[in-house]
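S.K.: Build the 3D model from these lines:
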Amino acid sequence: MSFDHSISRRSVFKGAGGLAVASALGAGAALGATTPAHAAGLDVVEHQTYGRMEYYKVSTPSIAWKPRINVLLPDGYDSGRRYPVLYLLHGGAQNFMKFDKEDDIRGLTAGRDLIVVMPDGGIAGWYCNPVTANLGPRNWETFHIEELIPWVDATFRTFPEQAGRAVSGFSMGGFGALKYTAKYYGHFASVSSHSGPASLRSINGAVAHWANASSTIDLGGGTVYGTPWDEARVSADNPVERIESYRGKRIFLVSGTEAFDVNEGFVLPTQREFAAALDRAGIHYERHEEPGGHFVRRERLQQDIDGVIAHLRKAG
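M.R.: Prediction:
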């Protein structure tokens, strides 16, 4: 079932797999030498090229270990043109390889004028700066917003503006996409959530509790939102409490209808609540409810990518 609302202008949700290491990208890659060694606070410590895919390992004070980034370039990137960028965020218990290893992101973008950036976001980082972290910094929000985006714009031929950027994600990453779009209004012109929760407080705060519980191992007993919650931080991150921040954006939502799926059982009602709030505000969005549970649906991801390209500034 699909819902295209045109009223006005306008995880730990855990998927399969996703814990593969960089070596699985392929063999025989040559070390690249075209990227600045240091930009926007990031130090590149490893760079390899695998066809259209550029792999990076970086050092940053925001993360206690060295996060990885896949950057998928369009065919003919060396033509000298500039391109729009899609930031694609993985789910819980996954990593930067999720969309290349499991979802054929190379096939979905073949022949399309789009750069796709796929960064690490932590096993259960929730695209947040946690209230407490006892194993060193895990400030994923700072890494993505203040360091990664400027680094991408300094490294690749992008349009360094809202009209040239979109963000999308699966599960925990779908939440991250919604959160980043609301908190950083001028960053993204399009946001998409594939089976990502859209409310932290509904269902008796189930998603915020889940974020806290799932993050404890990665944070050495710390939590994303604190115990008790830092209420101001929860509200700042909660998509359904920041509806006006989505006005004028392209919004694309997908959820499964399998109520007995442990993840989709939380996702579906939060996306419905979010959609109802958008309706009340007269904000346009596109939403799809599909049979089945918690996974990326290839046809919807392809539709999303094509919609991103149609909406963003065109390569040139």
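S.K.: who's in contact with Leu88?
M.R.: Counting by C-beta atoms under 8 Å, 6 or more residues apart in numbering, Leu88 makes contact with Phe99, Ile105, Val116, Val117, Met118, Val167, Ser168, Gly169, Gly173. For glycine as for every other residue, the C-beta is placed from the backbone atoms N, C-alpha and C.
S.K.: Arg300 - nearest residue in space that isn't next to it in sequence?
M.R.: Once flanking residues are discounted, Arg300 sits nearest to Val254: 4.8 Å by C-beta to C-beta, 6 or more residues apart in numbering.
S.K.: And the contacts of Leu88, which of them are buried?
M.R.: Buried subset of the contacts of Leu88 (neighbour count, 16 or more other C-beta atoms under 10 Å): Phe99, Ile105, Val116, Val117, Met118, Val167, Ser168, Gly169, Gly173.
S.K.: how about the strands in the stretch 51-200 of the chain?
M.R.: Remark: strands assigned in the stretch 51-200 of the chain by DSSP state E, counting those that start in this stretch are 53-59, 68-72, 85-89, 115-119, 165-170, 190-194.
S.K.: got CSV for the ones you listed, with distance to Glu258 and mean pLDDT too?
M.R.: Shown next, in CSV, are the strands of the stretch 51-200 of the chain (distance: least, C-beta to C-beta, whole Å; pLDDT from 0 to 100):
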stretch, distance to Glu258, mean pLDDT
strand 53-59, 33, 98
strand 68-72, 30, 98
strand 85-89, 23, 99
strand 115-119, 26, 99
strand 165-170, 16, 98
strand 190-194, 15, 98
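S.K.: right, and those - which one's nearest Leu135?
M.R.: Closest to Leu135 of the strands of the stretch 51-200 of the chain is strand 53-59 (C-beta to C-beta; 16.7 Å).
S.K.: Okay, helices next: where are they in the stretch 101-250 of the chain?
M.R.: 105-109, 140-142, 149-155, 172-183, 202-215, 231-237 (DSSP state H, counting those that start in this stretch).
S.K.: Deepest-packed of those helices, please.
M.R.: helix 172-183 (a mean of 28; mean count of other C-beta atoms under 10 Å).
S.K.: tell me the angle of that one relative to strand 85-89?
M.R.: Interaxial angle, helix 172-183 versus strand 85-89 (axes from the mean of the first three to the mean of the last three C-alpha atoms, to 10 degrees): 130 degrees.
S.K.: tell me what helix 172-183 is packed against?
M.R.: Applying 3 or more C-beta pairs under 8 Å, 6 or more residues apart in numbering; DSSP states H and E, one finds that helix 172-183 contacts strand 85-89, strand 165-170, strand 190-194, helix 231-237.
S.K.: and with 10 Å instead?
M.R.: strand 85-89, helix 140-142, strand 165-170, strand 190-194, helix 202-215, helix 231-237, strand 250-256, helix 264-281 (3 or more C-beta pairs under 10 Å, 6 or more residues apart in numbering; DSSP states H and E).
S.K.: got JSON lines for the ones you listed, with distance to Asp306 too?
M.R.: Shown next, in JSON lines, are the helices and strands packed on helix 172-183 (distance: least, C-beta to C-beta, whole Å):
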{"stretch": "strand 85-89", "distance to Asp306": "11"}
{"stretch": "helix 140-142", "distance to Asp306": "28"}
{"stretch": "strand 165-170", "distance to Asp306": "12"}
{"stretch": "strand 190-194", "distance to Asp306": "12"}
{"stretch": "helix 202-215", "distance to Asp306": "29"}
{"stretch": "helix 231-237", "distance to Asp306": "29"}
{"stretch": "strand 250-256", "distance to Asp306": "11"}
{"stretch": "helix 264-281", "distance to Asp306": "21"}
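S.K.: out of these, which comes closest to Gly222?
M.R.: Set against Gly222 and scored by C-beta to C-beta, these come closest in helix 202-215, at 7.1 Å.
S.K.: what packs against the closest one?
M.R.: helix 172-183, helix 231-237, helix 264-281.
S.K.: looking at these, which is closest to Ala208?
M.R.: Closest to Ala208 of those, according to C-beta to C-beta: helix 231-237, at 5.7 Å.
S.K.: Perfect, that will be all.
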